[in-house]
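[1] Kindly generate the corresponding structure for this input.
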Amino acid sequence: MSPSDKPFTFISVVGINEDAETSYNTFQEMSKNIDTIVKEHEEAYQDLLKKNAHIFAKGKTSELPLAVNASIYDILTSTRADYHWSLSPGGLSTNNYNGHVFWDFETWMFPPLIFLFPDLAKGGITYRHDKLKGSVLKAKENGYYGAMWAWESAFSGGETCPVQAPTGILEQHISGDILLGLGQYSSVHPNSEFLKTVICPMALKTAEFLASRVFKKNGKYHVNGVIPPDEYAVYVNDSVYTNVVWQIGLKFASQCPGSRPQWLEIAENMYIPFDADLKYHPEYEGYPRGQLIKQADVNLLVFPLEWDKLEKEHALNDLKEYSEVLDFNGPAMSWAMFCVGWLRLASDEKHHKEASKYFWKGFQYNLHGPFKVWWETPSGGAEHFLTGAGGFLQSILFGYGGIHFLAHDQEVLSGRESEYKYIIGWKPSYLPEGIDHLKIDRIQLKEGKLWLDMEITMTPKAFKIRSSKGNICAKASSSGGSWTMKEGEDWTLIDEKVITEEKKGLLIYECNQIN
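    Have a look, this model is predicted:
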């Protein structure tokens with residue numbers, strides 16, 4: 001369009017309802033009041049942003065803030081808090097993936113929502129709880145106990161994956177993914193009633209399925225015949241990712257009343273493939289080293305799994321190994337996870353440069369057009385690919401923003417400190433070349449009871465933190481330093497040494513008493 005051309009405005013009006021006639025009538029009514037509808041839409045969206053978190057990024061290019069805003073917008077326009085549903089990889093803007101719900105929600109879109117829009121995250125959990133019966137039925141039909149979650153879930157919660165596709169039966173890391181998400185949410189937004197009525201019933205049924213699916217051999221528990229996140233590998237045994245996420249899930253479920261002692265025994269003795277000579281994790285038992293992989297898989301042990309048994313040397317070797325065989329035309333979110341991985345393990349400038357490389361790839365290859373629409377792959381695939389948007393936001397929040405879940409720390413979950421309970425860890429990183437300033441306001445903790453603001457600047461280099469709601473305290477886990485932030489006080493400057501040397505940076509918790 002040239003400057004002299006007349007601009008055009010395109011407005012899409014959609015009526016949605018379970019009843020076709022009601023949907024059509026809604027469409028007709030809205031079509032008569034376009035100007036009012038547009039105005040209400042704009043006001044509602046601005047109100048939503050004012051009440052929730054905001055990410056501000058500034059640098060040499062305008063691409064980054066556009067990518068951030070487009071990613072958040074795409075997710076927000078496909079879900080709402082007052083209707084318990086979940087997110088499909090293609091959102092509401094397309095019919096990609098038939099609108100079905102996959103692991104994409106719990107693994108890729110859900111973690112950012114926990115902090116940015118926790119009511120939407122809670123609604124996603126409630127959607128799964130409402131579909132629990134469908135998962136119990138699937139387990140029974142396949143000869144297992146408990147809840148075997150659908151690879152493709154829709155209205156009933158039953159399996160909607162086409163019968164000719166093996167993923168519906170074999171890609172059962174999804175059951176562990178759902179448990180992982182339940183643990184992440186519970187550690188950030190503890191709510192005893194929600195835990196009792198929604199989270200634990202789901203966790204117990206899911207763990208029951210996992211326990212019925214494994215088998216024991218030579219003192220170790222195995223999971224055969226699966227598809228890992230790398231979907232180029234079909235019907236393989238002992239996927240590292242699957243076994244680890246099941247291990248984490250069983251440990252979480254074991255904290256719920258009514259759990260079985262066997263679950264911890266399985267978790268502690270889960271077989272995890274490892275090459276002792278090369279000191280890395282083969283993707284699965286018998287994985288041919290150097291084989292092309294579709295997407296991030298083993299490197300997800302660093303994040304979002306945050307596996308507490310993962311040694312740094314082995315994790316670095318995993319990153320190097322699989323970055324060399326990652327399919328360039330694979331799905332968008334993989335780049336972001338390699339960025340987070342390098343940042344979590346960074347000990348020198350080379351690691352930071354690797355993280356920066358993957359960070360920029362994370363959106364420059366997959367965002368297109370003036371409205372920054374996500375593509376599933378650099379060459380196409382599903383458009384409005386919310387999975388890519390979620391992965392990209394994770395590289396900001398959990399990569400450079402440095403937020404750590406503490407869901408797997410049993411001592412933290414048990415509240416060993418009598419006066420407080422840790423909520424998150426904070427270990428931010430210096431920003432990649434081309435970005436000068438990153439600020440994330442109103443990060444929500446404890447269901448919005450606490451709002452945390454964080455800021456990273458490069459000129460001068462500084463890490464800052466403050467509370468914009470509630471009284472928040474921070475503690476260095478090993479050095480013993482502590483900070484207190486009263487609501488509304490000025491920014492607290494955190495010593496670089498604390499951020500770089502502490503394993504999880506600062507441990508954040510609510511101050512019960514402030515003098």
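[2] List the buried residues in the longest helix anywhere in the chain.
    Secondary structure of the chain per DSSP state H: the longest helix is helix 34-51. For helix 34-51, a neighbour-count test (16 or more other Cβ atoms under 10 Å) marks nothing as buried. Placement of C-beta: from N, CA and C, glycine included.
[3] same deal with stretch 445-465?
    445-446, 450-457, 463-465.
[4] Low-confidence stretches in this protein?
    Counting by pLDDT under 70, the low-confidence segments of the chain come to 1-4, 13-16, 409-420, 480, 513-515.
[5] The buried residues of stretch 445-465 in strands, which ones?
    Leu445, Leu450, Trp451, Leu452, Asp453, Met454, Glu455, Ile456, Thr457, Phe463, Lys464, Ile465 (DSSP state E).
[6] residues near Phe215, how many?
    Using other Cβ atoms under 10 Å, Phe215 is surrounded by 10 other residues.
[7] which phi and psi does it have?
    Reported as degrees, to the nearest 10, the phi and psi values for Phe215 are phi -140, psi 150.
[8] Repeat that for the one 10 residues further on.
    The phi and psi values for Gly225, taken as degrees, to the nearest 10, are phi 70, psi 60.
[9] How many residues are close by it?
    With other Cβ under 10 Å as criterion, Gly225 counts 13.
[10] I'd like to know how far it sits from Ser239.
    Between Gly225 and Ser239 the computed distance is 10 Å (Cβ to Cβ, to the nearest Å).
[11] What of Asn471?
    From Asn471 to Ser239 the distance is 44 Å (Cβ to Cβ).
[12] residues near the residue lying closest to Leu393 once chain neighbours are set aside, how many?
    Among residues not flanking Leu393 along the chain, Pro112 sits closest, at 4.2 Å (Cβ to Cβ, 6 or more residues apart in numbering). Look at Pro112: counted by other Cβ under 10 Å, it has 26 neighbours.
[13] Assign a three-state SS to Pro112, would you?
    Under DSSP: H, G, I helix; E, B strand; the rest coil, Pro112 falls in the helix class.
[14] Contacts only, for it.
    Neighbouring residues of Pro112 by Cβ atoms under 8 Å, 6 or more residues apart in numbering: Gly390, Leu393, Gln394, Leu397.
[15] Surely the second one and Val68 touch.
    This points to Leu393. Yes: Leu393 lies in contact with Val68 (Cβ atoms under 8 Å); the separation is 7.5 Å.
[16] Now for the two: what residues contact both?
    Listed as contacting both Leu393 and Val68 by Cβ under 8 Å, 6+ apart are Ile55.
[17] Tell me which of those two has more neighbours.
    With neighbours defined as other Cβ under 10 Å, Leu393 and Val68 compare such that Leu393 has more, 28 against 21.
[18] Going by secondary structure, that one is in what exactly?
    Using DSSP states H and E, Leu393 sits within helix 386-394.
[19] Check Lys58 too.
    strand 54-59.
[20] ok, then the element right after that strand?
    Next along the chain after strand 54-59, taking DSSP H and E as the criterion, comes helix 63-76.
[21] Residues contacting that next one, please?
    By Cβ under 8 Å, 6+ apart, the surrounding residues in contact with helix 63-76 are 45, 48, 55-58, 87, 91, 93, 109, 113, 116-117, 120, 363-364, 367, 371-374, 384, 386, 389-390, 392-393, 396, 434-435.
[22] Tell me who's in contact with Thr94.
    Contacts for Thr94 (Cβ under 8 Å, 6+ apart) come out as Ala382, Glu383, His384.
[23] from what I can see the first one touches Gly90, true?
    Yes: Ala382 sits in contact with Gly90 when judged by Cβ under 8 Å, with a separation of 5.0 Å.
[24] one step back: want to throw the buried residues of stretch 445-465 into CSV with distance to Trp491?
    Formatted as CSV, the buried residues of stretch 445-465 follow (distance: Cβ to Cβ, whole Å):
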residue, distance to Trp491
Leu445, 18
Lys446, 21
Leu450, 16
Trp451, 14
Leu452, 12
Asp453, 8
Met454, 9
Glu455, 7
Ile456, 12
Thr457, 10
Phe463, 10
Lys464, 4
Ile465, 7
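[25] Kindly indicate which of these lies nearest Asn329.
    Nearest to Asn329 among the buried residues of stretch 445-465 is Ile456, at 32.5 Å by Cβ to Cβ.
[26] Tell me the bridge partners for the closest one.
    As for beta bridges, Ile456 partners with Leu438, Phe463 under DSSP bridges.
[27] Would you quantify the distance from it to Ile440?
    Ile456 is 9 Å from Ile440, where distance means Cβ to Cβ.
[28] Quick one: the helices in the stretch 351-500 of the chain, in order.
    Assigned by DSSP state H, counting those that start in this stretch, the stretch 351-500 of the chain shows helices spanning 386-394, 410-413, 496-501.
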